[in-house]
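1. sequence unavailable; structure follows:
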């Protein structure tokens, strides 16, 4: 007798998903640490860290490692590697019959993802989706974890995947090649991003720590930038205790826009204990000689973070994206949603100088012609004077 395929997770599956959701946000995935991890496990100690005091290495020694995340991505020092394979996602378009669990675990809001979702190419192995979660700031500070050329963005989303060969998120978290996380940076735009309503409209329902709600499946692709082929890549760590240095990070160059109202929901809707859950981002960590790769142009002048709404190129027509369409180092000077780059400013300056020089030359020529006409009209004559001669 054939078993019918169920799209709604069982109670046991949901419990497993809830446990997996703790990986990047509470550190409770550390179920079988080796002797090198000497974290204390009395009670629920791994859950007793916070973002106010980020000296986590006192209890979690790996948090003081040499390959920690997040980092500042200095675009002038990234190394171009156009051979990095394009990321291909499978199973991201979920049917409405797929029930997803949204949870407030006290450190973030996380959406648990089914293992039918995966990164099928872009790495040397397959990575299975586990969950996605967010980091944000407050009314007085932005809240992305990664920064680009020192610029901190409004918020950041992480989509967590684990290497399929290890069978589980908890097992993969401690393996050198165990995790792959997609990082999405947010900017504030003029309109709501309807793709995020599935999550943001439910934040009030998970306001209290430990509360879960179920939402229908939707196309997770719509939460990501359209240009998945432009990204930064480096080796790093979890951005929360126990800070395992087992993450291959992919931070997309293209940002996603949400409205100020949507950002306000993130910053004010959730609680942890008796306080508002906000500013849940880790400070940037030292690079310590690591190389950050870029999947696009190697020229420093061709680095730029671009908002999703400004992107009109398709992958097949991406000839200017890495050549001229991304010219200029990222600048935060916005005019009607666009960005002035260093190349733009230099071109403007040289254009003005050239124009001034050309104008001065025209004025000079006109004055010389006027002087010649004046000399002709007054009858001035040139008198030839032979040079004096000397005898040998």
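-> Structure's in. What do you need? Given the structure is predicted, the values throughout are model-derived calculations rather than measurements.
2. hang on, residue 267 in a strand?
-> No - secondary structure assignment (DSSP: H, G, I helix; E, B strand; the rest coil) places residue 267 in helix, not in a strand.
3. the helices in the protein, which residues?
-> 11-20, 169-172, 197-200, 260-268, 342-378 (DSSP state H).
4. worst mean pLDDT among the ones you listed?
-> Ranked by mean pLDDT, the helices of the chain end with helix 11-20 at the bottom, a mean of 46.
5. low pLDDT regions in the chain?
-> With pLDDT under 70 as the threshold, the chain has low-confidence stretches at 1-47, 298-350, 365, 370-392.
6. care to break it down by domain?
-> According to automatic domain parsing, the chain is divided into the following domains: 11-330, 333-368.
7. deepest in the core, which of those is it.
-> With neighbours defined as mean count of other CB atoms under 10 Å, the domains of the chain peak in mean count at domain 11-330, which reaches a mean of 18. Every residue, glycine included, has its C-beta placed from N, CA and C.
8. so how far is residue 127 from residue 248?
-> Between residue 248 and residue 127 the distance is 9 Å, computed by CB to CB, to the nearest Å.
9. give me the common contacts of those two.
-> Here residue 248 and residue 127 share the contacting residues 179-180, scored by CB atoms under 8 Å, 6 or more residues apart in numbering.
10. contacting residues for residue 143?
-> The contact partners of residue 143, taken as CB under 8 Å, 6+ apart, are 135-137, 152, 154-156, 267, 278-281.
11. I'd like those written out as CSV, with distance to residue 188 added.
-> Formatted as CSV, the contacts of residue 143 follow (distance: CB to CB, whole Å):
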residue, distance to residue 188
135, 15
136, 12
137, 11
152, 13
154, 5
155, 9
156, 13
267, 12
278, 16
279, 17
280, 18
281, 16
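12. restricted to strands, list the residues you listed.
-> Secondary structure assignment by DSSP state E places 135-136, 152, 155-156 of these in strands.
13. show me where the stretch 151-300 of the chain has its strands.
-> All strands of the stretch 151-300 of the chain, identified by DSSP state E, counting those that start in this stretch, fall at 151-152, 155-163, 179-189, 212-216, 231-236, 247-252, 254-259, 271-272, 275-276, 293-294.
14. make TSV out of the ones you listed and add distance to residue 95.
-> TSV is the format used below for these (distance: least, CB to CB, whole Å):
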stretch	distance to residue 95
strand 151-152	37
strand 155-163	19
strand 179-189	22
strand 212-216	8
strand 231-236	28
strand 247-252	26
strand 254-259	23
strand 271-272	32
strand 275-276	35
strand 293-294	36
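15. so which of those is nearest residue 82?
-> Proximity to residue 82, assessed across these by CB to CB, is greatest for strand 293-294 (8.8 Å).
16. touching that closest one from outside, list them.
-> When contacts are taken as CB under 8 Å, 6+ apart, the neighbours of strand 293-294 outside the stretch itself are 75, 78-81, 84, 231-234, 253, 303.
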